[in-house]
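*Asks:* the following block contains a protein sequence and its predicted model.
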Protein chains: 2
Amino acid sequence: MSKTFPTPQDAEDAYYDAIEEQDLESMMQVWEESEETLCLLPMQPAQRGPVSIRRAWEPLLNGQFSLDIEVKHLAWIESGLLAIHLVEEQVRVAGQADSQTVYACNIYRQADSGWRLLMHQNSPTPPPPGLQMPE
Amino acid sequence: MSKTFPTPQDAEDAYYDAIEEQDLESMMQVWEESEETLCLLPMQPAQRGPVSIRRAWEPLLNGQFSLDIEVKHLAWIESGLLAIHLVEEQVRVAGQADSQTVYACNIYRQADSGWRLLMHQNSPTPPPPGLQMPE
């Protein structure tokens, strides 16, 4: 009973909804069921394949805190069966005032059953002007 | 007089050679001549298009210091006209003992003239076990 996503954007919406709703099963539905899948969360080792990706998301989607993510689209590239979305994520732990901005590159692949997430990669954004970085 | 790269790996080799040889012109030859190109260097703003990408690389390839990068392949995904390479870069400024490890995702696109770099994205790797991160 896997969900289908008619467009890459549908898959992307489902990905961020799963985070907001702390829903690990919905998160895993967004991913391709393939050992080629790859997930790079901030400061974590690269995870390949659904088993490792589930393990990386489990502690983040266990309902202990909720994450609020605002997404701003920076660039879309589509070519054949792949769609690449670069977005800026404004991530806030619910109840905290501060938010953190990270880049995310999401790559979707089309199959008969629709589009699924193949790769997610986070990168830090530069610090705001005037802020010193720790050595 | 642009170079052509018969495979994504040829383009990747030329990319890392250009860094090692501090050769800005060779670096720019690796990139597609397209406004869709995207470069995310560590802690820098996302750069789109050859003009911005050249501006980001200029201070790094001006011959003032040399960078030694060891590349380890982690994952390759090819689909149609796109090739995605995830690598681990071990980056060392020549003359310094310490090196830094970063992930890089390089996406190449095929055109009539061969393969060119469409996207480069760096992400930090996790700290070694036992090391505390600054708050």
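*Replies:* It's in.
*Asks:* in chain A, what residue comes closest to chain B?
*Replies:* A:Gly80 (3.2 Å; Cβ to the nearest Cβ). Bear in mind the C-beta positions are built from the backbone N, C-alpha and C, glycine included.
*Asks:* isn't that residue right next to B:Ser79, touching?
*Replies:* Yes. Counting by Cβ atoms under 8 Å, A:Gly80 touches B:Ser79, with 6.4 Å between them.
*Asks:* neighbour count: the two, which is higher?
*Replies:* B:Ser79 (16 against 11; other Cβ atoms under 10 Å in any protein chain shown).
*Asks:* quick check, the more buried one in contact with A:Arg109.
*Replies:* Yes. With contact defined as Cβ under 8 Å, B:Ser79 reaches A:Arg109; the gap is 6.5 Å.
*Asks:* need the overlap of contacts for the two.
*Replies:* Residues touching both B:Ser79 and A:Arg109 by Cβ atoms under 8 Å, 6 or more residues apart in numbering or on different chains: A:81-82.
*Asks:* once you drop chain neighbours, what's closest to A:Thr125?
*Replies:* Distances taken as Cβ to Cβ, 6 or more residues apart in numbering or on different chains place A:Thr101 nearest to A:Thr125, at 4.7 Å, with adjacent residues excluded.
*Asks:* give me the neighbour count for that neighbour.
*Replies:* Neighbours around A:Thr101, by other Cβ under 10 Å: 15.
*Asks:* my read is that it contacts A:Pro127, right?
*Replies:* No. Judged on Cβ under 8 Å, A:Thr101 makes no contact with A:Pro127 at a distance of 9.8 Å.
*Asks:* which residues does the residue nearest to A:Thr125 contact?
*Replies:* A:Thr101 touches A:88-91, A:125, counting by Cβ under 8 Å, 6+ apart.
*Asks:* tell me which element it is part of?
*Replies:* Using DSSP states H and E, A:Thr101 falls within strand A:100-111.
*Asks:* quick one: A:Leu118 and A:Val30 touch, right?
*Replies:* No. The pair A:Leu118 / A:Val30 is not scored as a contact, 10.4 Å apart, by Cβ under 8 Å.
*Asks:* next one: phi and psi at A:Pro45?
*Replies:* Backbone torsions for A:Pro45, taken as degrees, to the nearest 10, come to phi -60, psi 150.
*Asks:* thought it was touching B:Pro126?
*Replies:* Yes. At 5.5 Å, A:Pro45 counts as touching B:Pro126 under the criterion of Cβ under 8 Å.
*Asks:* OK, contacts around the residue of chain A closest to chain B?
*Replies:* Contacts of A:Gly80 by Cβ under 8 Å, 6+ apart are B:79-82.
*Asks:* what parts of chain A come near chain B?
*Replies:* Contacts of chain A with chain B, taken as Cβ under 8 Å from any Cβ of the partner chain, map to A:36, A:38, A:40, A:42-46, A:48, A:74-75, A:77, A:79-82, A:84, A:86, A:103, A:105, A:107, A:109, A:118-119, A:121-127, A:133-134.
*Asks:* coming back round to it: shared neighbours of A:Gly80 and B:Ser79, which are they?
*Replies:* Counting by Cβ under 8 Å, 6+ apart, nothing touches both A:Gly80 and B:Ser79.
*Asks:* low-scoring stretches of chain A, by residue?
*Replies:* Residue ranges of chain A with pLDDT under 70: A:1, A:129-135.
*Asks:* what ranges does it have for its helices?
*Replies:* Secondary structure of chain A (DSSP state H): helices located at A:8-20, A:24-30, A:49-57.
*Asks:* how about the shortest one as PDB, C-alpha atoms only?
*Replies:* Listed next in PDB are the C-alpha coordinates belonging to helix A:24-30 (Å, rounded to 0.1, in the frame of the first residue of the first chain):
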ATOM      1  CA  LEU A  24       8.100   8.000  10.200                       C
ATOM      2  CA  GLU A  25       6.000   5.800   8.100                       C
ATOM      3  CA  SER A  26       4.900   8.600   5.800                       C
ATOM      4  CA  MET A  27       8.500   9.700   5.600                       C
ATOM      5  CA  MET A  28       9.600   6.300   4.500                       C
ATOM      6  CA  GLN A  29       6.800   6.200   1.800                       C
ATOM      7  CA  VAL A  30       8.400   9.300   0.200                       C
END
